[in-house]
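A.B. asks: turn this into a model:
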Amino acid sequence: MDRRGLAQELRRWVQEEMGVPQQKAPSEEILQRLFIGQCADIWKYVMRHVRSQRTVKNIDGNLLWYQQLQHSEAQHSEEEKERQRRRQLCQEIQELRTELQHLREQIVSAEREVVAQELNNHRSQDFRRRSLLLRAYNRKRWEQWEALQDSNLRIQYRCDQLQDVSRASQREIVFPALDANMAMNSFPEPEVLREVREVYDIRYKFFRSIYADTISGSVLPGRDDLRLMAHHQWLSEGEKLWSSYPPNHIVSSLEHLTLEGTRDLRQLQSSLAADPAETSCSVSEAMSDPRETSEDQENSKRARLQCGDGRSDSFTRLPSYSCLIQVSVSCIGRSLCRLGVIIYTIFGGSFLLSSPQEGWAETAAVASQLCNVQRQSRDLSARLADKIQEVHQTLSDGSELSVLSRAAFDAELRLVLLRGCQDALLQECRTLQAEAADRRQGMKFLQQQQQNIQDSFLLLEKKQEQIQVLIKATSFSKAQVRHNSGEVQKFVQERLLLRPLEVVQESQRLQDSVMKDLNHFTAISLPTLQKVTLHGVHQIPTQELSINRLSNPSFHLYPIYKALYSSIGLSLYKTPESILQHVADVKKHLLFLRAQLCSRSQATNKIHKQLRESQTPDINTLLDLLSAHYAQQTDQLVPKLQQIIEQCQKSQEYGKEVQAAVNDWWEQPAQQCLPWEQRGGQTLQQWRDRWTVAVTALQRASGGRS
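C.D. replies: Below is the predicted model:
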């Protein structure tokens with residue numbers, strides 16, 4: 001748009017909007033100068049957005065009027081919606097009443113069917129329950145009979161076996177003589193002695209294999225299975241031996257084997273006494289480990305040289321026979337001790353493992369570790385002996401300083417050895433204390449578990465006692481019900497079913513007499529009988545004295561009575577005595593409405609006065625009032641909402657508890673044991689069927705309405 005058009009539009013805006021007269025308005029040439037440069041956009045904005053005070057007041061008034069109009073329309077629409085909702089609710093209530101009446105009729109008809117069906121179901125359930133109980137009882141008795149039969153067979157077999165063993169124990173057995181020159185040596189060995197010797201040989205081989213693996217420190221891949229098979233064979237042979245022969249024969253066989261071992265030991269002693277020079281070397285070789293190498297033997301020999309008194313002649317002399325016997329016995333004792341430790345490790349630890357293979361693997365690992373430790377100990381002992389020998393050779397010049405140094409060295413060496421022993425003992429004590437603490441903790445845990453198990457047993461016994469009491473009470477109730485039903489049937493059969501024809505005739509006669517009296521009574525006018533004597537002379541019917549005669553259409557004052565009821569808005573079925581109370585209520589309501597109307601008119605006048613006084617509304621004041629109102633509503637409603645939320649949460653928790661209690665009660669086993677108990681004239685099954693029928697009908701009705 002050019003400047004001329006803008007000037008014309010600005011002149012028109014000044015005249016029309018600002019109310020400047022045409023004579024005083026500037027000309028277009030003057031106004032065109034205002035649109036030079038960027039001023040055109042400014043004047044465009046001014047013409048578009050700036051209005052006069054009168055126009056602003058009109059706009060504010062229109063806005064207020066539109067707000068009031070919208071508010072009134074919203075209020076009117078809300079009232080219309082409220083009335084429509086009320087009509088809809090009334091209609092739904094009427095429909096629900098109709099449906100409720102229909103449901104009641106259906107429930108009554110269904111109750112009759114359910115009662116008959118329940119009786120049949122009760123009889124069938126009772127019969128089914130009895131049959132199941134009898135079937136279960138028969139099955140249990142049959143299982144018990146089979147178990148008793150098996151146990152009787154086992155006991156009979158064991159008794160026969162023990163009788164055979166008892167008879168065999170009465171017979172004496174003859175063992176071969178220990179002396180080779182006696183004639184009894186030609187007797188064959190008894191069978192029990194031979195089997196005891198075989199079991200002993202198996203045991204010896206088993207322990208010998210364990211000892212050999214312990215010394216070697218290495219276990220072959222298939223050796224665990226062989227050892228396990230040997231162990232099972234030893235145990236099975238031992239059990240077979242104890243179950244096949246009498247104990248006295250087995251003990252006699254063991255004594256005979258002991259005597260044979262003693263004889264062999266004496267023969268060995270005599271052979272040692274006969275040729276000591278040849279046997280000393282063999283005994284020393286037998287005492288030494290055949291698996292040791294020459295280097296280990298040299299190290300042990302040097303250790304013995306250092307531990308001895310230093311004299312070479314003490315090692316060159318041969319030991320006496322008693323010394324050899326003592327040494328052999330001590331070596332055997334040490335071997336047996338080590339074997340016992342290994343066996344304890346095997347059999348003591350195998351109970352804690354999940355399988356025998358794991359036990360043998362653990363034993364092999366422990367044995368290999370033990371061999372490694374022994375080898376390290378021998379190496380360290382040899383090195384220590386070498387060092388001690390070097391120091392002694394260094395301090396062997398015979399001077400006083402050397403003697404004192406050697407004594408100090410020996411004392412320091414003993415001190416170090418004692419300190420090492422002390423540290424080892426302290427470490428062992430700490431380990432034992434830790435193990436003892438672990439054992440105590442495990443013992444506490446086991447005691448706690450034992451206490452829990454005992455509590456569980458007590459609770460289980462208590463529950464069993466309660467169940468037994470419940471079963472006894474149920475049995476007593478059933479017996480009482482059977483007794484009562486028998487008495488009722490007996491009474492019906494003896495008293496009620498004997499004379500049915502006489503009862504029918506008597507009831508017909510009474511009915512005929514009642515009908516005759518009724519026919520006679522219909523011919524008599526009731527008002528003629530209901531009369532009252534006034535002043536002892538006149539008899540006036542009581543109907544004329546009653547105020548209810550006004551409601552009679554034949555009464556001459558009935559139109560006035562009807563007009564009066566219509567004017568005050570009272571129903572015709574109301575009694576005349578309620579007219580005064582109704583009139584008083586109407587007057588009271590009228591006074592209340594007048595007071596409300598007066599208050600409303602005063603408020604309206606006040607609002608109109610305020611509107612006239614202030615044409616421009618104070619928006620800040622309105623916003624402050626609205627904020628104060630919202631704050632007041634928040635302060636008042638938030639605690640109430642919090643309280644309602646807490647109540648709802650408590651109600652939900654209580655509802656969960658009630659639901660859990662109902663479920664527990666519903667799942668009790670006594671529900672089906674007391675079907676005759678009634679509440680409100682109906683049993684549990686009847687209430688459940690009635691509830692199911694009502695819910696089904698309500699769902700069907702809601703589905704049809706939707």
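
A.B. asks: quick check: Lys463 vs Lys140, distance?
C.D. replies: Lys463 sits 21 Å away from Lys140, going by Cβ to Cβ, to the nearest Å. Placement of C-beta: from N, CA and C, glycine included.

A.B. asks: same question for Ile388.
C.D. replies: 83 Å.

A.B. asks: swap in Ala424?
C.D. replies: Counting by Cβ to Cβ - Ala424 and Lys140 are separated by 65 Å.

A.B. asks: which strands and helices sit next to the longest helix belonging to the chain?
C.D. replies: When the chain is parsed with DSSP state H, its longest helix is helix 53-170. The contact analysis (3 or more Cβ pairs under 8 Å, 6 or more residues apart in numbering; DSSP states H and E) places helix 53-170 against helix 223-244, helix 247-274, helix 684-705.

A.B. asks: next structured bit after that helix?
C.D. replies: helix 191-216 (DSSP states H and E).

A.B. asks: buried set for that following helix?
C.D. replies: 192-193, 195-196, 199, 202, 206-207, 210-211, 213-215 (16 or more other Cβ atoms under 10 Å).

A.B. asks: what's the mean pLDDT across that helix?
C.D. replies: Taken as a whole, helix 191-216 carries a mean pLDDT of 79.

A.B. asks: who are the packing partners of it?
C.D. replies: helix 223-244, helix 247-274, helix 321-343, helix 356-394.

A.B. asks: who has more neighbours, Ile388 and Lys140?
C.D. replies: Ile388 (17 against 10; other Cβ atoms under 10 Å).

A.B. asks: so which of the helices and strands packed on helix 53-170 comes closest to Gln596?
C.D. replies: helix 684-705 (40.1 Å; Cβ to Cβ).

A.B. asks: next, the angle from that closest one to helix 53-170.
C.D. replies: Orientation of helix 684-705 against helix 53-170 (axes from the mean of the first three to the mean of the last three Cα atoms, to 10 degrees) gives an angle of 150 degrees.

A.B. asks: what's in contact with helix 684-705?
C.D. replies: 95, 99, 102-103, 106-107, 110-111, 114-115, 118, 121, 671, 675, 677, 679-680, 682 (Cβ atoms under 8 Å, 6 or more residues apart in numbering).

A.B. asks: please pick the buried ones from the residues you listed.
C.D. replies: Applying 16+ other Cβ under 10 Å to the contacts of helix 684-705 flags Glu99, Leu103, Ile107, Ala110, Glu111, Val114, Glu118, Pro675, Gln682 as buried.

A.B. asks: quick check, nearest of those to Lys240?
C.D. replies: Pro675 (62.5 Å).

A.B. asks: hang on, the earlier thing: how about TSV for the helices and strands packed on helix 53-170, with distance to Glu16 added?
C.D. replies: Shown next, in TSV, are those (distance: least, Cβ to Cβ, whole Å):
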stretch	distance to Glu16
helix 223-244	118
helix 247-274	140
helix 684-705	64
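
A.B. asks: so can I have a markdown table of these showing mean neighbour count, mean pLDDT and distance to Asp60?
C.D. replies: As requested, these are exported to a markdown table (neighbours: other Cβ atoms under 10 Å; pLDDT from 0 to 100; distance: least, Cβ to Cβ, whole Å):
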| stretch | mean neighbour count | mean pLDDT | distance to Asp60 |
| --- | --- | --- | --- |
| helix 223-244 | 14 | 79 | 106 |
| helix 247-274 | 14 | 78 | 126 |
| helix 684-705 | 14 | 78 | 52 |
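
A.B. asks: looking at those helices, which is closest to Arg383?
C.D. replies: Using Cβ to Cβ, the helices and strands packed on helix 53-170 put helix 223-244 closest to Arg383, at 33.6 Å.

A.B. asks: how far is the closest one from where the chain is centred?
C.D. replies: 48 Å (Cα atoms, centre = their mean, to the nearest Å).

A.B. asks: packing partners for that helix?
C.D. replies: helix 53-170, helix 191-216, helix 356-394.

A.B. asks: remind me what the helix or strand harbouring Arg440 packs against, helices and strands.
C.D. replies: Secondary structure assigned from DSSP H and E places Arg440 in helix 400-491. The contact analysis (3+ Cβ pairs under 8 Å, 6+ apart) places helix 400-491 against helix 356-394.

A.B. asks: now the helix it packs on: how far from the chain's centre is it?
C.D. replies: 56 Å.

A.B. asks: helices and strands around it, which ones?
C.D. replies: helix 191-216, helix 223-244, helix 294-307, helix 349-350, helix 400-491.

A.B. asks: what's the angle between the longest one and helix 356-394?
C.D. replies: Helix 400-491 runs at 160 degrees relative to helix 356-394, counting by the same axes, to 10 degrees.

A.B. asks: and helix 400-491, how far out from the chain middle?
C.D. replies: 25 Å.

A.B. asks: now do the same for Arg549: its pLDDT.
C.D. replies: 66.

A.B. asks: now Arg158: how far from Glu428?
C.D. replies: 50 Å.

A.B. asks: in what helix or strand does Gln505 lie?
C.D. replies: helix 500-522.

A.B. asks: how far is that helix from where the chain is centred?
C.D. replies: That offset, for helix 500-522, works out to 72 Å (Cα atoms, centre = their mean).

A.B. asks: what is the mean pLDDT for it?
C.D. replies: Here the average pLDDT along helix 500-522 is 76.

A.B. asks: what number of residues are in the vicinity of Tyr157?
C.D. replies: Neighbours around Tyr157, by other Cβ under 10 Å: 10.

A.B. asks: try Cys371
C.D. replies: Cys371 has 17 nearby residues by other Cβ under 10 Å.

A.B. asks: my guess is it meets Asp213, correct?
C.D. replies: No. Assessed by Cβ atoms under 8 Å, Cys371 is found out of contact with Asp213, at 9.6 Å.

A.B. asks: okay, stretch 688-699 in CSV with CA atoms only?
C.D. replies: Taking C-alpha atoms only, stretch 688-699 is exported to CSV below (Å, rounded to 0.1, in the frame of the first residue of the first chain):
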residue,chain,number,x,y,z
ARG,A,688,-24.0,-70.8,47.0
ASP,A,689,-26.6,-71.9,44.4
ARG,A,690,-28.8,-68.9,45.2
TRP,A,691,-25.8,-66.6,44.8
THR,A,692,-24.8,-68.3,41.5
VAL,A,693,-28.3,-68.0,40.1
ALA,A,694,-28.6,-64.3,41.1
VAL,A,695,-25.2,-63.4,39.6
THR,A,696,-26.1,-65.2,36.3
ALA,A,697,-29.5,-63.5,36.0
LEU,A,698,-27.9,-60.1,36.8
GLN,A,699,-25.2,-60.6,34.1
